[in-house]
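J.: Requesting a structural model of the entry that follows:
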Amino acid sequence: MIATTGLHNLRIECIVGIHPHERENPQAVFLDLEVDYDFAPAAESDAIADAVDYDQVVRMATDLIQSRRFHLIEAMAEAVAAMLLEQVPVIECVRLEIRKPAAVPAADNSFVWLERER
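T.: Down below sits the predicted model:
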C-alpha cells in the first residue's frame, strides 16, 4: 500500500546564496517535502517504528541544510533528496520544493522542485 506523507512550509534559517551578504547572514528557506512509502506496516501496527518519523526527517533536513551552507538551492535540494533516500530505507520516492523568499526582491520567492526515486 504505497502512499504519500510529507511536510509543507518547513522554515529553516540557513546560510545560502552566492552574494557576499548572503554568506554572512542566515535567511529563511521553506521546504515542502513529500515521501512515498509502504504504509501497510504502520497502518497495521499503529507504531512510529513502522512509519516515516516526521521529527527525524525534519532534524535530518535541517541539520544538513544548516551545516552545508549551500551556494545554490539546486544543490541543497539534491543533497536533501539523496540523504533521505540513503538514510530512510522505506522511502521509495522523494518530491520536494525549496523556496527562497529573499532571492529576488520583485518576486515572492525563487524555487526548485525535484522528484527522485529509489
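J.: Kindly state the beta-bridge partners for residue 32.
T.: In this entry, residue 32 is beta-bridged to residue 97, by DSSP bridges.
J.: so what's the backbone phi/psi at the closest residue to residue 87 other than its chain neighbours?
T.: Distances taken as C-beta to C-beta, 6 or more residues apart in numbering put residue 60 closest to residue 87, at 6.6 Å, once the chain neighbours are dropped. Glycine gets a C-beta too; all of them are placed from N, C-alpha and C. With angles defined as degrees, to the nearest 10, residue 60 sits at phi -60, psi -50.
J.: for residue 60, what are its contacts?
T.: 83-84, 87 (C-beta atoms under 8 Å, 6 or more residues apart in numbering).
J.: next one: residue 33
T.: Contacts for residue 33 (C-beta under 8 Å, 6+ apart) come out as 6-7, 10, 57, 61, 80, 94-96.
J.: Just the strands from the chain, written as ranges.
T.: Taking DSSP state E as the criterion, the chain contains strands spanning 2-14, 27-38, 91-100, 110-117.
J.: Now render the ones you listed as TSV, adding mean pLDDT.
T.: Putting these into TSV (pLDDT from 0 to 100) gives the following:
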stretch	mean pLDDT
strand 2-14	97
strand 27-38	97
strand 91-100	98
strand 110-117	97
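J.: so can I have a markdown table of those showing distance to residue 47?
T.: Listed next are the strands of the chain as a markdown table, based on distance: least, C-beta to C-beta, whole Å:
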| stretch | distance to residue 47 |
| --- | --- |
| strand 2-14 | 15 |
| strand 27-38 | 14 |
| strand 91-100 | 17 |
| strand 110-117 | 26 |
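J.: between the ones you listed, which one is nearest to residue 65?
T.: Set against residue 65 and scored by C-beta to C-beta, those come closest in strand 2-14, at 5.0 Å.
J.: Residue 14 is in contact with residue 26, isn't it?
T.: Yes - between residue 14 and residue 26 there is a contact under C-beta atoms under 8 Å: 5.8 Å.
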